[in-house]
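Chemist: okay, sequence plus prediction incoming.
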Amino acid sequence: MFKRIMTCLILLLALALPCAAQGEEANTQVTHYLLLGEDGYAEEVVDDARTDTIVVVTLDEKYNRVIMTSILRDSRINNLKGNPTKANLLYKNYGFDGVIACIERELDIRIEGAVLVNFEHVKPVIDALGGVDIEIDENEYIAIRKILLGKDPNMPDGPGMVHMTGRIALAYMRDRSSGSGDFSRTQRQRKVVSQLFDKCRDLSLMEIVSIYNQVSEGMKMNLSAMDILAALSKGYGLVAADADFVEFSIPQKGLYAYGKVGGASALEVRWEANREEFHKLLNNP
């Protein structure tokens with residue numbers, strides 16, 4: 001009887017091995033960076049601010065694409081001590097090393113470095129690239145007017161297709177009141193970045209470096225000068241190769257629940273399931 005059982009187990013194992021070999025192959029030609037954004041109105045970045053924008057930027061040379069993965073700021077995540085917190089508090093409490101370590105752990109990736117951006121310094125870049133054209137609804141129009149107190153010579157006349165200067169685009173990206181809260185807010189951010197990415201396709205590497213220099217005054221980072229040059233060169237190579245721009249967000253639909261952290265509302269992210277969906281994206285064209 002024992003021999004018969006062992007024979008069955010060996011046969012089952014032999015049948016399973018080919019299936020594992022036929023599974024999706026891990027994409028090893030990706031480089032991940034972390035983009036953090038302070039959503040305040042200060043002129044400079046500050047270390048104790050919450051990072052309301054958390055984005056994993058993936059340069060994928062295998063499938064010729066740039067993937068922008070937004071992690072919602074209210075996502076519940078364990079900090080370095082193993083205690084639950086909100087994702088937007090990780091940098092405030094643990095700095096670059098802490099937020100990188102926690103996101104690497106949950107997504108099972110290696111992050112090459114992180115950049116902290118003050119969005120006030122992004123406005124001139126949007127203007128330098130000629131602005132963006134985005135269709136807005138009535139609620140978004142009202143939100144933009146409210147954020148800017150209606151005082152802007154380029155204020156949209158109403159909903160519909162709108163040409164946005166840097167100041168208008170920043171108000172659009174800051175809108176949390178319309179749509180589905182932070183889900184819609186991160187989608188707006190990706191819409192603006194997607195258009196900026198397309199505008200960079202016609203620029204030279206030197207022009208892209210010039211734009212970087214405009215933004216760098218409002219940045220902090222844990223990347224060396226050589227690391228920055230390597231990232232810009234790799235990114236430019238993808239842009240020059242007409243790379244696709246892919247949007248992703250965490251948590252994915254149906255892979256979270258509403259809960260609390262320390263009495264405050266939060267998203268209870270099913271990290272394992274979201275990680276699986278993220279890697280499906282990485283490993284498939």
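Modeler: Alright, I've got the coordinates.

Chemist: how many residues are close by Met226?
Modeler: For Met226, the neighbour count with other CB atoms under 10 Å is 8. C-beta coordinates here come from the backbone N, C-alpha and C atoms, glycine included.

Chemist: my guess is Ile208 contacts Ala231. True?
Modeler: No. Between Ile208 and Ala231 there is no contact under CB atoms under 8 Å: 11.0 Å.

Chemist: the two - which one has more neighbours?
Modeler: Between Ile208 and Ala231, counted using other CB under 10 Å, the more crowded position is Ala231 (19 against 16).

Chemist: thought that one was touching Glu112?
Modeler: Yes. The criterion here is CB under 8 Å, and Ala231 meets it with Glu112 at 7.4 Å.

Chemist: and for the two, which residues touch both?
Modeler: 31, 33, 223 (CB atoms under 8 Å, 6 or more residues apart in numbering).

Chemist: now list the buried members of those.
Modeler: Listed as buried from the shared contacts of Ala231 and Glu112 are 31, 33, 223; burial here means 16 or more other CB atoms under 10 Å.

Chemist: helix or strand right after the helix or strand Arg105 falls within?
Modeler: Arg105 belongs to helix 90-107 when assigned by DSSP states H and E. Of the helices and strands lying after helix 90-107 in sequence (DSSP H and E), the nearest is strand 111-118.

Chemist: name the helices or strands packed onto that next one?
Modeler: If contacts are counted by 3 or more CB pairs under 8 Å, 6 or more residues apart in numbering; DSSP states H and E, strand 111-118 sits against strand 30-38, strand 51-60, helix 90-107, strand 219-221, helix 225-240.

Chemist: now the angle between strand 51-60 and that strand, please.
Modeler: Interaxial angle of strand 111-118 relative to strand 51-60 (axes from the mean of the first three to the mean of the last three CA atoms, to 10 degrees): 140 degrees.

Chemist: now do strand 111-118: distance to the chain's middle.
Modeler: Centroid displacement of strand 111-118 relative to its chain, using CA atoms, centre = their mean, to the nearest Å, is 11 Å.

Chemist: what lines up beside that strand in the sheet?
Modeler: strand 30-38 (parallel), strand 219-221 (antiparallel) (DSSP bridges).

Chemist: where exactly do the strands run in the protein?
Modeler: 30-38, 51-60, 65-71, 76-78, 84-86, 111-118, 132-136, 160-164, 219-221, 244-250, 256-261, 264-269 (DSSP state E).

Chemist: lowest mean pLDDT across the ones you listed, which one is that?
Modeler: Comparing mean pLDDT across those, the weakest is strand 219-221, with a mean of 88.

Chemist: can you give the distance of that strand from its chain's centre?
Modeler: 16 Å.

Chemist: quick one: buried residues of it?
Modeler: Quick answer for strand 219-221 (16+ other CB under 10 Å): 219-221.

Chemist: just give me the closest of those residues to Thr51.
Modeler: Proximity of the buried residues of strand 219-221 to Thr51 (CB to CB) peaks at Lys220, which lies at 11.2 Å.

Chemist: bridge partners for that closest one, pull those for me.
Modeler: Under the criterion used (DSSP bridges), Lys220 bridges to Leu116.
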